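Trainee: Okay, here's the prediction I keep looking at, along with the sequence it came from:
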Amino acid sequence: MTASFFAVQDHDRELFDRELNDFLPERIFDAHAHLYAQEHFRNGAPGIVGEGPESVGLDVYLKAMDELTPGRRYSGLFFGFPHAKLDMEAANNFLAAEVRADPHSRAQMLVRPEMDAEYVRETVRRDQFAGLKCYHVWATERPTFQAKVESFLPEEHVRVAHEEGLSITLHMVRNRAMADPLNQQTIRAFAEHYPNMRFILAHAARGFNPHHTIEGIGALRGLRNVWCDTSAVTDGGAFEAIIETLGHDRLLYGADFPVTHERGRCVAIGDSFLWLSESNTNFDTAYADLRPTLVGLESLRVLKTACRNMRLSDSQIEDVFWNNAASMYELS
């Protein structure tokens with residue numbers, strides 16, 4: 001574990017106090033966060049997971065988020081950290097046990113496309129999972145970044161989600177994400193045919209390049225079982241497009257912990273995007289006194305700007321941070 005892992009510095013605290021403290025509600029439901037243990041990854045844990053604590057359960061998450069956004073009370077929707085060399089059964093067991101400690105939190109089961117649908121149903125019922133979390137690294141197509149939704153989220157899993165009243169967090173891929181016609185067609189078809197299933201489109205419908213969400217989100221207009229989370233989006237425009245097209249009640253705050261505690265941001269470039277971080281950018285060569293802050297704070301700044309641009313009221317902002325998720329998951 002490195003000394004800098006999850007480190008919040010003085011300039012991060014100053015930015016939070018100046019820009020975000022008055023914006024952020026006290027009660028927060030984080031619709032996109034990872035809990036995990038390093039021992040569940042074969043041949044070593046990847047990236048930020050391998051740099052941090054051996055076990056990252058609910059207690060570690062709550063402490064880290066309190067350091068990032070002091071004084072807030074968090075519950076959330078949690079899932080494991082998806083990786084091709086993950087012991088998925090162990091990861092799901094760890095997650096289910098951790099989330100039971102908070103009655104206002106929920107867990108999603110990591111699923112591979114080859115999993116038998118009845119096995120998924122039985123596991124969901126046994127461990128009280130509220131949803132499914134698929135991911136492109138397990139897709140049947142290669143390269144997985146160009147995979148169609150069906151190759152990592154088969155229809156039989158969507159059917160189980162419909163029959164069991166589950167949510168599905170979907171991080172779509174393909175170059176143009178929400179602007180890709182195949183993604184649009186599949187998401188709409190699944191949502192219409194399985195209305196008791198709830199889609200959560202991760203990262204503002206993968207709006208790391210917000211122009212893709214701006215262009216494509218209209219294809220989902222009118223669907224009442226589709227939401228988008230805000231996780232790790234640090235470039236402006238996607239949140240506004242979701243609020244304008246789907247409604248503010250379709251937007252869920254998500255942090256993407258532990259990505260929240262990485263320094264840098266993601267920026268749109270051309271028809272794609274680039275993550276700027278301490279590993280690929282020499283911030284010391286910048287024109288001015290540049291001190292990069294944490295992804296979690298950058299994303300909150302973009303969300304604050306979107307709420308102002310769309311003239312959301314205080315109560316509507318509270319919807320984004322708590323009430324929308326509370327309605328979905330029937331929280332008190």
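Mentor: Cool, got the structure. Numbers count the residues shown, from 1 in each chain.

Trainee: so Arg206 touches Gly216, yeah?
Mentor: No. In terms of CB atoms under 8 Å, Arg206 does not count as a neighbour of Gly216; the distance is 9.8 Å. Where you see a C-beta, it was placed from the backbone N, CA and C, and this is true even at glycine.

Trainee: List the residues that are in contact with both of the two.
Mentor: 177-178 (CB atoms under 8 Å, 6 or more residues apart in numbering).

Trainee: Buried ones in the strand or helix carrying Ile242, by neighbour count?
Mentor: Using DSSP states H and E, Ile242 falls within helix 238-246. Using 16 or more other CB atoms under 10 Å as the test for burial, helix 238-246 gives 238-243, 245-246.

Trainee: what would the residues you listed look like in TSV with distance to Ser75?
Mentor: What follows is the buried residues of helix 238-246, written out as TSV (distance: CB to CB, whole Å):
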residue	distance to Ser75
Ala238	25
Phe239	22
Glu240	27
Ala241	27
Ile242	22
Ile243	23
Thr245	28
Leu246	23
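
Trainee: and which of those residues is nearest Asn309?
Mentor: Glu240 (5.5 Å; CB to CB).

Trainee: surely that closest one meets Met310?
Mentor: Yes. Taking CB under 8 Å as the definition, Glu240 is a contact partner of Met310 at 5.8 Å.

Trainee: Tell me who's in contact with Met197.
Mentor: By CB under 8 Å, 6+ apart, the contact list for Met197 reads 158, 161-162, 165-168, 190-191, 225.

Trainee: Out of those residues, which end up buried?
Mentor: The neighbour count (16+ other CB under 10 Å) marks 158, 161-162, 166-168, 190-191, 225 as buried among those.

Trainee: Now, those residues that are in helices?
Mentor: Secondary structure from DSSP state H places 158, 161-162, 190-191 of the buried ones among the contacts of Met197 in helices.

Trainee: Which pair of these spans the longest distance?
Mentor: Ala161 and Ala191 (11.0 Å).

Trainee: show me the residues around Gln316 that make contact.
Mentor: 248, 307.

Trainee: Secondary structure of it: a strand, I assume?
Mentor: No. Per DSSP: H, G, I helix; E, B strand; the rest coil, Gln316 lies outside any strand segment and is helix.

Trainee: gap between stretch 229-244 and the chain center?
Mentor: Taking CA atoms, centre = their mean, to the nearest Å, one finds stretch 229-244 lying 12 Å from the centre of the chain it belongs to.

Trainee: And the average pLDDT for it is what?
Mentor: For stretch 229-244, mean pLDDT rounds to 98.

Trainee: ok, now stretch 18-35?
Mentor: For stretch 18-35, the per-residue pLDDT averages 98.

Trainee: repeat for stretch 71-89
Mentor: 98.

Trainee: do stretch 102-116 as well
Mentor: On average, stretch 102-116 scores 98.

Trainee: buried residues in that stretch?
Mentor: Those would be 104-113, 115, for stretch 102-116 by 16+ other CB under 10 Å.

Trainee: From the chain's centroid, how far away is that stretch?
Mentor: 14 Å.

Trainee: One more: stretch 168-175?
Mentor: 11 Å.

Trainee: Tell me the first helix or strand C-terminal of the helix or strand bottoming out on mean pLDDT in the chain.
Mentor: Least confident element among the helices and strands of the chain, by mean pLDDT, DSSP states H and E: helix 47-51 (a mean of 89). Going down the chain from helix 47-51, the next helix or strand is strand 55-56, by DSSP H and E.

Trainee: before we move on, the earlier item: convert the helix holding Ile242 to CSV, retaining C-alpha atoms only.
Mentor: The C-alpha coordinates for helix 238-246 follow below in CSV (Å, rounded to 0.1, in the frame of the first residue of the first chain):
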residue,chain,number,x,y,z
ALA,A,238,-23.5,14.9,-20.7
PHE,A,239,-25.3,15.5,-17.4
GLU,A,240,-27.2,18.4,-18.9
ALA,A,241,-28.3,16.3,-21.9
ILE,A,242,-29.6,13.6,-19.6
ILE,A,243,-31.5,16.0,-17.5
GLU,A,244,-33.0,17.8,-20.5
THR,A,245,-33.9,14.6,-22.4
LEU,A,246,-34.8,12.0,-19.7
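
Trainee: Please work out which residues outside that helix touch it.
Mentor: Outside helix 238-246, the residues that reach it (CB under 8 Å, 6+ apart) are 204-205, 207, 210, 213-214, 217-218, 220-221, 223, 226, 228, 230, 233, 250-251, 302-303, 306, 309-310, 312.
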